[in-house]
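A.B. asks: Structure for the following, please:
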Amino acid sequence: MSDNAKPSRWAWSATIALGLVVGLGSAWWITAKAGARGFENKGWTGSTLAGSSGADPWTRAQIAVRGLLALNKSQAIYLTTHTDSSGAALRADCRYRVSGSAMPGRWWSVTVYAADNYLPMNDDDALSFDATEVTPDASGQWTALLAPKRAGESAWASTRNAGNYDVTLRVYNPTLEAQADFGKIPVPTITKLDCGGAA
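C.D. replies: Here you go, the predicted model:
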């Protein structure tokens, strides 16, 4: 091979740099923006691989960044949303009504995670609500509140100091049908009531 045919140091450096940019860029997008989605159900996203031995590196990275100790989907299904039913970002200064029905599992919970992916830094002792706190009506429908202050609802999760936040729905010991198709899960609806006291 002649000297002219040999790859130059510049070419090798450019190739390595490009690989690093693409690799780091895709990792950042997956962990910070897109998340290990894999599945979407009415604005709620999740991965069928979370907690499994078959989870890809991007799924594992997203779970590590969010601090989610994921169980296998036979034990728990995790779905997360950062928007209300209109597609607007969830905001700590707004109040939202969460409306849902019976979940296909033995137990479920909804938890607020602040903009930094940690639990909000407040002392309200109400960072989540679960199946034991809601009061279903005769048809199995229930409501709860996401807000910086409690306001009459029996079930409430505090969003004080949460910034633009996410909520995660966990369905524990889900049915086989739910495990096979996350679309069968009747995810809650999050409806904005008002922000800063103004509708």
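
A.B. asks: number of nearby residues for the closest residue to Trp142 other than its chain neighbours?
C.D. replies: Leaving aside its chain neighbours, Trp142 sits nearest to Val134 (3.8 Å; criterion: C-beta to C-beta, 6 or more residues apart in numbering). No exception for glycine: its C-beta is placed from N, CA and C like everyone else's. Around Val134 there are 18 other residues, counting by other C-beta atoms under 10 Å.

A.B. asks: Wait, Ala126 touches Ser158, no?
C.D. replies: Yes. Because the distance of 4.4 Å satisfies C-beta atoms under 8 Å, Ala126 is recorded as touching Ser158.

A.B. asks: Quickly note the distance from the residue nearest to Trp142 to Gln75.
C.D. replies: Going from Val134 to Gln75 by C-beta to C-beta, to the nearest Å gives 22 Å.

A.B. asks: Tell me the first helix or strand C-terminal of the helix or strand bottoming out on mean pLDDT in the chain.
C.D. replies: Least confident helix or strand of the chain, by mean pLDDT, DSSP states H and E, is helix 57-66 with a mean of 50. Downstream of helix 57-66, the first helix or strand assigned by DSSP states H and E is strand 76-81.

A.B. asks: for Thr15, helix, strand, or coil?
C.D. replies: The local conformation at Thr15, judged by DSSP: H, G, I helix; E, B strand; the rest coil, is helix.

A.B. asks: Return the per-residue confidence for it.
C.D. replies: For Thr15, the model assigns a pLDDT of 71.
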